[in-house]
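J.: Show me how the following folds:
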Amino acid sequence: MTRGVFTISLDFELFWGVRDHRRLENYGENIRNVHTVAPRLLQLFRKYDVHCTWATVGMLFHKDKTALLSKLPERLPDYVKKEYDPYSYIRENELDAVFHFAPGLIRLITETPGQEVGTHTYSHFYTLEENTTMEQFRDDIRLALKIASENGVPAKSIVFPRNQYSAGHIAVCTEFGIKTFRGTKFLPCIHRGRERVKIYPEGEYVSLTVI
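T.: Numbering: from 1, shown residues only. Predicted structure coming up:
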């Protein structure tokens with residue numbers, strides 16, 4: 001009898017993952033608690049030999065805003081809805097490290113047996129939003145994998161933010177050696193902020209998929 005596999009895959013994004021529809025004033029404590037919860041999870045994973053993939057936003061590798069501004073993609077996304085644009089947010093705001101950066105936590109993840117760091121794109125890139133291009137996505141992924149590699153992390157898997165992707169985006173990922181992606185199995189839709197937009201036929205879905 002073939003044994004089943006129970007896979008744990010977590011999005012590791014801090015404020016970058018909710019920045020377009022949350023505010024630090026009323027959501028910041030949730031982000032702050034990640035710095036307490038993640039080490040506790042890692043302790044439990046080590047104790048019980050649990051393997052996990054952490055889909056990590058590439059910007060988390062930096063220590064501060066100055067370091068982040070020194071590493072930007074060649075072509076930035078040109079979202080029609082400017083609230084999706086992280087680069088405008090970066091220019092206009094001071095970036096408290098607690099909410100935006102986590103090199104120490106990433107290091108702790110890589111030092112824990114059975115843990116893998118995948119990518120969640122560099123900038124929490126929304127691939128199907130209006131006015132984004134495949135070239136912009138390619139530059140984002142290139143930089144995400146470059147910053148990971150510079151930190152000793154060979155990222156080989158991806159979780160697309162808000163489950164937004166197409167066959168073309170998967171093809172770009174294979175160009176860079178990404179082997180696996182994780183998508184939702186139960187909601188045939190894209191999450192756009194608080195809006196859910198259906199894009200797949202009923203009953204058609206993806207889960208953990210080798211590409």
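J.: where in this protein is pLDDT low?
T.: Residues of the chain meeting the criterion pLDDT under 70: 1, 184-211.
J.: how about the strands in it?
T.: In the chain, the strands defined using DSSP state E lie at 8-12, 52-56, 115-119, 157-159, 180-182, 189-192, 195-198, 208-210.
J.: tell me which residues in the longest helix seen in the chain are buried?
T.: Determined from DSSP state H, the single longest helix within the chain is helix 134-150. Buried residues in helix 134-150, counted by 16 or more other C-beta atoms under 10 Å: 136, 137, 138, 139, 140, 141, 142, 143, 144, 145, 147, 148. (Each C-beta comes from the backbone N, C-alpha and C, glycine too.)
J.: any idea which of those is closest to residue 169?
T.: Nearest to residue 169 among those: residue 137, at 6.0 Å, using C-beta to C-beta.
J.: does that closest one really touch residue 127, like I thought?
T.: Yes. Counting by C-beta atoms under 8 Å, residue 127 is a contact partner of residue 137 at 5.6 Å.
J.: Which neighbours do these two have in common?
T.: Common contacts of residue 137 and residue 127, defined by C-beta atoms under 8 Å, 6 or more residues apart in numbering, comprise residue 169.
J.: rewinding a little: and which of the buried residues of helix 134-150 is nearest residue 43?
T.: Looking across the buried residues of helix 134-150 and measuring by C-beta to C-beta, the closest to residue 43 is residue 148, at 23.8 Å.
J.: Tell me how far the closest one lies from residue 8.
T.: Noted for residue 148: a distance of 20 Å to residue 8, by C-beta to C-beta, to the nearest Å.
J.: Can you pull the phi/psi pair for residue 95?
T.: Torsion angles at residue 95 (phi, psi; degrees, to the nearest 10) stand at phi -110, psi 100.
J.: what's the nearest residue to it if we skip its chain neighbours?
T.: Of all residues not flanking residue 95 in the chain, residue 65 sits nearest, at 4.3 Å (C-beta to C-beta, 6 or more residues apart in numbering).
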